[in-house]
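S.K.: Model the following, please.
(one chain, ligands or ions: 1)
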Amino acid sequence: MKLIPTNGNGKFAGLNPELNRRNFLRAAGLGGLGAGLYALSGPSLLKEVEAQGKGEPQAPKLEQHKSICGNCAVGCGFIGEVQNGVWVSQEPWFEHPINQGSLCSKGAAVRDHVVSEKRLRYPMKLEGGKWKRLSWDTALTEISAKLLALRKQHGPDILQINFSAHYSNENGFAIRKFAGMWGTNNADFQARI
Ligand code: SF4
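M.R.: Numbers count the residues shown, from 1 in each chain. Below you'll find the model as predicted:
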């Protein structure tokens, strides 16, 4: 069984700072004492300990999922580790033909796309030096009105659309359609820029 220390929210809580060499040796000594007591008292003591163990909560299973970093066009592989539905850590994917387990600093921090407290989760607008949250309807209405005003003033080439090197064919198709409908050829993806 693999024991994973958690902080009560199912997240990794780090190693116990109290478990230094001295404490470990003391605990190991008590373990030896327990084995000696069992030898003296017979199987009844062992049954009691087993019964206690069955009622204890088990650490949630750690699942491993192979995935691809989406931060650039190289497409490095890594193994994401998920516990209780939460992406808790990552491990190298040594057999991956592109990166053979290595990751650049962006790939090493790829989990932050999901768990970072700085992640943008809804539209925000800077007003009077302060950020305020907008609904998606309000944000889309304001952005489209601004785009149409710029287009009227400067023409369709005022817009440059850049999209991710890891967009799917369908994403790329939809963006090219939007650029064509808008009237510009200024659409390209990150891998070529
Ligand atoms: S780990 Fe670095 S080089 Fe590899 S895909 Fe991600 S960003 Fe690109």
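
S.K.: What is the burial count for Ala174?
M.R.: Ala174 has 13 neighbours, counted by other Cβ atoms under 10 Å. All C-beta spots, glycine's among them, are computed from the backbone N, C-alpha and C.

S.K.: What residues sit buried inside the helix or strand containing it?
M.R.: Assigned by DSSP states H and E, Ala174 belongs to helix 169-182. Going by neighbour count (16 or more other Cβ atoms under 10 Å), the buried part of helix 169-182 is Ile175, Ala179, Trp182.

S.K.: Any chance of TSV for the residues you listed, columns pLDDT?
M.R.: Shown next, in TSV, are the buried residues of helix 169-182 (pLDDT from 0 to 100):
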residue	pLDDT
Ile175	93
Ala179	96
Trp182	96
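
S.K.: What residues does the chain have near the ligand?
M.R.: With Cβ under 6 Å from any ligand atom as the criterion, the chain meets the ligand at residues Cys69, Asn71, Cys72, Val74, Gly75, Cys76, Asn99, Leu103, Cys104, Lys106, Gly107.

S.K.: For the residue in the chain positioned nearest to the ligand, give me the pLDDT.
M.R.: The chain approaches the ligand most closely through Gly107 (2.2 Å), counting by Cβ to the nearest ligand atom. Per-residue pLDDT puts Gly107 at 95.

S.K.: Surely it is within a strand?
M.R.: No: using DSSP: H, G, I helix; E, B strand; the rest coil, the assignment for Gly107 is helix, not a strand.

S.K.: residue contacts, the spatially closest residue to it that is not a sequence neighbour?
M.R.: Leaving out its chain neighbours, the residue that sits closest to Gly107 by Cβ to Cβ, 6 or more residues apart in numbering is Cys69, at 4.2 Å. By Cβ atoms under 8 Å, 6 or more residues apart in numbering, the contact list for Cys69 reads Gly75, Cys76, Gly77, Phe78, Leu103, Lys106, Gly107, Val110.
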